[in-house]
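> Dropping a prediction and its sequence here:
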Amino acid sequence: EAGVVQSPRYKIIEKKQPVAFWCNPISGHNTLYWYLQNLGQGPELLIRYENEEAVDDSQLPKDRFSAERLKGVDSTLKIQPAELGDSAVYLCASSPAGAKNTEAFFGQGTRLTVV
Amino acid sequence: AQKITQTQPGMFVQEKEAVTLDCTYDTSDPSYGLFWYKQPSSGEMIFLIYQGSYDQQNATEGRYSLNFQKARKSANLVISASQLGDSAMYFCAMRDLVGQFYFGTGTSLTVIP
């Protein structure tokens, strides 16, 4: 079974430029998460989807960040314009809905460097 | 309010010895799940072990065991017979009723040969 796939693995952009990250969750997983992980810190939730609905985006900086999950499968996270402080690892995870005893499955992450 | 607290930024352990990584959590939900993940330097998050809030027995998975003390709201990870490959960041996490995961700040474990 394929795991959570993220692309690209690495991205270097200049500040004020736009950037987009893509995530393909595990087949059948209704819940999809985007996390931000700063160096030496734990993952922090940006947005959580149940199917195509964003059920928690309270931590998403909506002035520059946006996300979508068309058809309740793949998801894209966008930053426009990027700032130096956005340099971090962006993790996508998925999980079956309603299964509190099931772990979140993580992708390899996208390491963003803004210069 | 912080949901997950890991108070040990870094830990060292001698190879083949056991080590305990601390985790406390805060929730008023009657039902929740507790998880531990390992994150090597390569960056992937590897699931290690799960404990349900209603589970009577402590969870075990090979060399990993979870010391669950519900009244104290603690869920410490015990790694027995440490190996060099255990050197990594370890994150404690809690899943709430609606499926939200909360992570601690992590503990960096270094296994000394």
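That came in fine, so what should we check first?

> do you know how far B:Q14 is from chain A?
Distance of B:Q14 to chain A, given as C-beta to the nearest C-beta, to the nearest Å: 24 Å. Bear in mind the C-beta positions are built from the backbone N, C-alpha and C, glycine included.

> Per-residue pLDDT of the residue lying closest to that residue once chain neighbours are set aside, please?
Distances taken as C-beta to C-beta, 6 or more residues apart in numbering or on different chains place B:I112 nearest to B:Q14, at 5.4 Å, with adjacent residues excluded. Looking at B:I112, its pLDDT is 97.

> for A:N101, same thing?
Confidence score, pLDDT, at A:N101: 76.

> Spell out the secondary structure type for it.
Under DSSP: H, G, I helix; E, B strand; the rest coil, A:N101 falls in the coil class.

> ok, it touching B:L34?
No. The pair A:N101 / B:L34 is not scored as a contact, 10.1 Å apart, by C-beta atoms under 8 Å.

> what sits up against stretch B:5-15?
A:42, B:19, B:21-26, B:79, B:82-84, B:86, B:91-92, B:104-113 (C-beta atoms under 8 Å, 6 or more residues apart in numbering or on different chains).

> Narrow the residues you listed to just the buried residues.
A:42, B:19, B:21-25, B:79, B:82, B:86, B:91-92, B:104-107, B:109, B:111 (16 or more other C-beta atoms under 10 Å in any protein chain shown).

> Could you tell me how far the lowest-mean-pLDDT helix or strand in chain B lies from the centre of the chain?
Ranking every helix and strand in chain B by mean pLDDT, DSSP states H and E puts strand B:101-103 at the bottom, with a mean of 94. Mean C-alpha position of strand B:101-103 versus that of the full chain (C-alpha atoms, centre = their mean, to the nearest Å) differs by 12 Å.

> where exactly do the strands run in the chain?
Assuming you mean chain A. Along chain A, counting by DSSP state E, strands occupy A:5-7, A:10-13, A:19-24, A:31-37, A:44-50, A:53-56, A:65-68, A:75-79, A:88-95, A:105-106, A:110-114.

> Chain B, not that one
B:4-5, B:10-14, B:19-21, B:24-25, B:33-39, B:46-52, B:60-61, B:64-69, B:74-79, B:88-95, B:101-103, B:107-112.
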